[in-house]
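Colleague: need a 3D model of the sequence below.
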Amino acid sequence: GLSANAAFYRHLSGEPDRTEMLLNALEYGYDHAASLAAQLEIENLGARALPILLRASTREHFSSQMLAVRAAARIEKKGVPVLLVSMKSKHMRIRQVAADAAGELGEDGLSILQLAVKDSIQEVRLSAAMSASRIGPKALPILEILSQDNDPDVRSEAARMIVRIQKESVFNNSGTLPAK
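Modeller: Residues are numbered from 1 along each chain as shown. Okay, here's the model as predicted:
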């Protein structure tokens, strides 16, 4: 079962100061179960959690930002504002996860990838290349930029993803596998 603290945070779902309490539970929860209960509550809210996620994405605490990025990816295009804010995080891992999540959003993720291609950290740009491949042909301009990157790993991954999209496009248009 849930700890007393976790049960308390679950009980707050109808309280007017719920947003602040949920954020505090994430950051300063007295125990792991309370923090998980707050996370579950936010995820269950879906798109209605957007105000909470926007606040969490601007807080200094790493775990709040990470929760915001992961939850925003689950609420699809309504999560784009949170992911855009997350691309400004000082934490490389937050930006990397936001870039990766962009690929799940289809064309709505392109604005996030446009920020990711300019990131100073190689891992973020690599995530952008892999994420762009999940979006498909509309992301080819992003991959073209990354194929000119200073880092050889980023260039290589971008080139690989361009070929992958082109092969998938040929397959989807013809209904048969492309000739090797």
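Colleague: tell me which other helices or strands the longest helix seen in the chain touches.
Modeller: If you go by DSSP state H, the chain has its longest helix at helix 152-174. When contacts are defined as 3 or more C-beta pairs under 8 Å, 6 or more residues apart in numbering; DSSP states H and E, helix 152-174 packs onto helix 122-135, helix 140-146. For every residue, glycine as well, the C-beta is placed using N, CA and C.
Colleague: just send the ones you listed back as a markdown table, with mean pLDDT too.
Modeller: A markdown table is the format used below for the helices and strands packed on helix 152-174 (pLDDT from 0 to 100):
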| stretch | mean pLDDT |
| --- | --- |
| helix 122-135 | 96 |
| helix 140-146 | 97 |
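Colleague: please identify the most buried of the ones you listed.
Modeller: Neighbour counts (mean count of other C-beta atoms under 10 Å) averaged over each of these peak at helix 122-135, with a mean of 24.
Colleague: so how far is it off the chain centroid?
Modeller: Chain-centre distance of helix 122-135: 12 Å, with C-alpha atoms, centre = their mean, to the nearest Å.
Colleague: what's the answer for stretch 109-121, then?
Modeller: 12 Å.
Colleague: how about residues contacting that stretch?
Modeller: With contact meaning C-beta atoms under 8 Å, 6 or more residues apart in numbering, stretch 109-121 is reached by 80, 83-84, 87, 92, 95-96, 98-99, 101-103, 105, 124-125, 127-128, 131-132, 135, 138-139, 142, 145-146, 149.
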